[in-house]
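**Student:** just coords:
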């Protein structure tokens, strides 16, 4: 039986991959000097260490752009996981720890993004002459 929560990745290299790199534009167009760009990076903690060889990882990383690029460059091969692969308890425990860290990092990123959006709304200044 195929398990949709995990994927098997065969890698020819050891590499750390990140889920995303993004930022938030906090530039206030109503400022007196409109050309002041203010962007805040949202550095992600969604990082997974892909080990050389064949290992099991959370399926959530399958759609990350960096993973797709590595597959396209033939540095990684992704396949499905069946129940026989899940018999090693230690391996599954490690994969579940990775999945929990990814979930926590994503929650933290979303909370930071929301806080920054609120800060942006709170700092809007009225136009001069209004």
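**Tutor:** Noted; the coordinates are in hand. Note that the structure is predicted; figures quoted are calculated from it, not measured. Numbers count the residues shown, from 1 in each chain.
**Student:** residue ranges with poor pLDDT in this structure?
**Tutor:** The model of the chain has pLDDT under 70 over residues 1-3, 28, 31-36, 43, 85-86, 88-90, 120, 122-130.
**Student:** Not counting sequence-adjacent ones, nearest residue to the most centrally placed residue in the chain?
**Tutor:** Residue closest to the mean C-alpha point of the chain, counted by Cα atoms, centre = their mean, is residue 19 at 2.3 Å. Nearest residue to residue 19, sequence neighbours excluded (Cβ to Cβ, 6 or more residues apart in numbering): residue 46, at 3.2 Å. To be clear about C-beta, it is placed using only N, CA and C from the backbone, and glycine gets the same treatment.
**Student:** Count residues in the vicinity of the one you found, would you?
**Tutor:** 20 (other Cβ atoms under 10 Å).
**Student:** list the helices and strands the lengthiest helix in the chain packs on?
**Tutor:** With secondary structure taken from DSSP state H, the chain has its longest helix at helix 89-122. Helices and strands touching helix 89-122, by 3 or more Cβ pairs under 8 Å, 6 or more residues apart in numbering; DSSP states H and E, are strand 22-25, strand 39-42, strand 47-50, strand 53-58.
**Student:** 6 Å - rerun?
**Tutor:** On a contact count with 3 or more Cβ pairs under 6 Å, 6 or more residues apart in numbering; DSSP states H and E, helix 89-122 meets strand 53-58.
**Student:** Show me what counts as buried in the strand it packs on.
**Tutor:** Within strand 53-58, the residues that count as buried by 16 or more other Cβ atoms under 10 Å are 55-58.
**Student:** Paired strands for that strand, with orientation please.
**Tutor:** strand 2-11 (antiparallel) (DSSP bridges).
**Student:** what's the distance between the strand it pairs with and the middle of its chain?
**Tutor:** Centroid separation between strand 2-11 and its chain, computed with Cα atoms, centre = their mean, to the nearest Å, is 18 Å.
**Student:** for that strand, which positions count as buried?
**Tutor:** Neighbour-count burial for strand 2-11 [16+ other Cβ under 10 Å]: 6-7, 9, 11.
**Student:** Same list (these) but as JSON lines, adding distance to residue 71.
**Tutor:** Formatted as JSON lines, the buried residues of strand 2-11 follow (distance: Cβ to Cβ, whole Å):
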{"residue": "6", "distance to residue 71": "17"}
{"residue": "7", "distance to residue 71": "11"}
{"residue": "9", "distance to residue 71": "9"}
{"residue": "11", "distance to residue 71": "10"}
